[in-house]
Structures are given as C-alpha cells and as structure tokens.
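*Asks:* Sequence first, then the predicted structure, then my questions.
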Amino acid sequence: MAQFLAVYTGTPEARTASEWEALPADEMQAREAKGMAEWGAWMERNAHRIVLAGGPLGPTKRASSAGIEDTRNNLVGFVVIEAEDHAQAAALFAGHPHFAIFPGDAVEIMECLPVPTR
C-alpha cells in the first residue's frame, strides 16, 4: 500500500460563495454539528486507511534563503492515508464534509514518495 498526504484547502472565495458568514448563528451551529458528525463518520469508515489523523493547521511561516517571514496559503488541515493507488486515495474524499457541508474549497491528495537514496 502506498501512503498519501491529503491537504484540506480553504479559500476566501469558497467561504464567500458558501455564504457561511451570513448564516444565522443557530443554523451555523447546526451545520457545524452536522459537519463534525459526518467528518467523524468519515474517519470511522476509513480508520483502516488512516496512517496519521492529522488535524487543522495554524498560521504559517516561510523559511527561505531570504530568511523567515509570516505568509498565508490555502492549507487548513491534513490527514495521511494508505491506499492501493492514487485514484483509490482520491476516491475516499468524494463528497467529503470539508466541502460538502463546511465552506472548505477542496482536498488535494498526493502520494508520499520514498526519499531517493544513492
């Protein structure tokens, strides 16, 4: 089995398009509760595939030859899973609550390749 890093992305445009901020407080709380329940169900259904449960991501710093600075990106969370191939890994995220209920943008899935050796 191969391992895959799945990163949850969120953009201001996706949040705006979902009209999440305009929801009445009680409706937002209901959607959050439904979303967390469905996310938990997704985690349970796929527990045999989850290598690292991951979680939300906080503020970002960028380290480069120019130094260290604060930066922004669209990464909001991650999980590491196992699957037979890339297509199977991606299929696990079809209809995921991150974007089906919450105002998330997408889930990007990439294979974790071995470090090249000499």
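*Replies:* Everything's here; your move.
*Asks:* Show residues contacting the least confident helix or strand in the chain by mean pLDDT.
*Replies:* When the helices and strands of the chain are compared on mean pLDDT, DSSP states H and E, helix 12-18 comes out lowest with a mean of 89. Residues outside helix 12-18 that contact it (C-beta atoms under 8 Å, 6 or more residues apart in numbering): 21, 99, 103, 104, 105. Every residue, glycine included, has its C-beta placed from N, CA and C.
*Asks:* go with 10 Å
*Replies:* 11, 20-22, 31, 72, 74, 99, 101-106 (C-beta atoms under 10 Å, 6 or more residues apart in numbering).
*Asks:* all strands for this structure, in order.
*Replies:* Assigned by DSSP state E, the chain shows strands spanning 2-9, 50-56, 60-64, 67-71, 75-83, 106-111.
*Asks:* Kindly list the longest helix within this structure.
*Replies:* Scanning the chain for the longest helix, with DSSP state H as the assignment, gives helix 25-45.
*Asks:* Which strands and helices lie in contact with that helix?
*Replies:* Counting contacts by 3 or more C-beta pairs under 10 Å, 6 or more residues apart in numbering; DSSP states H and E, helix 25-45 packs against strand 50-56, helix 97-100.
*Asks:* from the chain's centre, how far out does the shortest one sit?
*Replies:* Translated: helix 97-100. 9 Å (C-alpha atoms, centre = their mean, to the nearest Å).
*Asks:* how many neighbours does residue 37 have?
*Replies:* For residue 37, the neighbour count with other C-beta atoms under 10 Å is 12.
*Asks:* What separation do you get for it and residue 97?
*Replies:* 9 Å (C-beta to C-beta, to the nearest Å).
*Asks:* what's the closest of the helices and strands packed on helix 25-45 to residue 90?
*Replies:* Between residue 90 and the helices and strands packed on helix 25-45, the tightest spacing by C-beta to C-beta is seen for helix 97-100, at 13.5 Å.
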